[in-house]
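> Quick one: sequence and predicted model below, then my questions.
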Amino acid sequence: MKRIKSIIDHEETESAIDVTPMLDVVFIMLIFFIVTATFVKEAGIDVSQSTAETAVAQSKAYILVAIDSKNSIWVDKREIDLRAVKPNIRRLISLNPQGTVLVQADKASYTDTLISVMDEIRAAGVTNIAISAVKPR
């Protein structure tokens, strides 16, 4: 009888599943996805974009700069002055060196504001600038 009880006890202890290695793998995968994720900074406003037949989708990470219909400049969900574009872009490029700066200008904004913003972005050391447009349907 003692022998049967020890066999039953032995079988019960072997039937337990150790999930520790699985949890380790899950946490390592989580860390991997967090580290490799591309973070996109949003401009913070919606603009009425112009249409262009030759518009091409960009696949790189963007740093968004928006110009609204009142010629206000928005970066990182904050309205900023034209003089603050350069330091803000430098800061965001240091966080995402591969990022393309995407300028979203409203249809009603002035071309002069767009050119001034692009000059400030170039002064920040960025040469890869894209202007956002929507392809007509």
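Structure's in. What do you need? Numbering: from 1, shown residues only.
> What secondary structure category should be reported for the residue nearest to Lys135 when sequence neighbours are not counted?
Closest residue in space to Lys135, ignoring its immediate chain neighbours: Ala55 at 4.2 Å, by CB to CB, 6 or more residues apart in numbering. Glycine gets a C-beta too; all of them are placed from N, C-alpha and C. Recorded secondary structure, Ala55: coil (DSSP: H, G, I helix; E, B strand; the rest coil).
> Ala55 reaches Ile131, doesn't it?
No. The pair Ala55 / Ile131 is not scored as a contact, 9.7 Å apart, by CB atoms under 8 Å.
> related to what we said a few turns ago, enumerate every residue touching the residue nearest to Lys135.
133-135 (CB atoms under 8 Å, 6 or more residues apart in numbering).
> Please, a ChimeraX command that selects the buried ones among those residues?
Typed into ChimeraX, the line below selects the buried ones among these, using 16 or more other CB atoms under 10 Å:
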select :133
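> Which member of the contacts of Ala55 is positioned nearest Thr111?
Thr111 has its nearest neighbour among these in Ala133, at 14.1 Å by CB to CB.
> residue contacts, that closest one?
Going by CB under 8 Å, 6+ apart, Ala133 touches 49-52, 55.
> Identify, from the residues you listed, the entry nearest to Asp106.
Closest to Asp106 out of the contacts of Ala133 is Gln49 (7.5 Å), distances taken as CB to CB.
> pLDDT at the closest one, what is it?
What the model reports for Gln49 is a pLDDT of 69.
> Quickly list the domain ranges of the protein.
2-36, 62-131 (automatic domain parsing).
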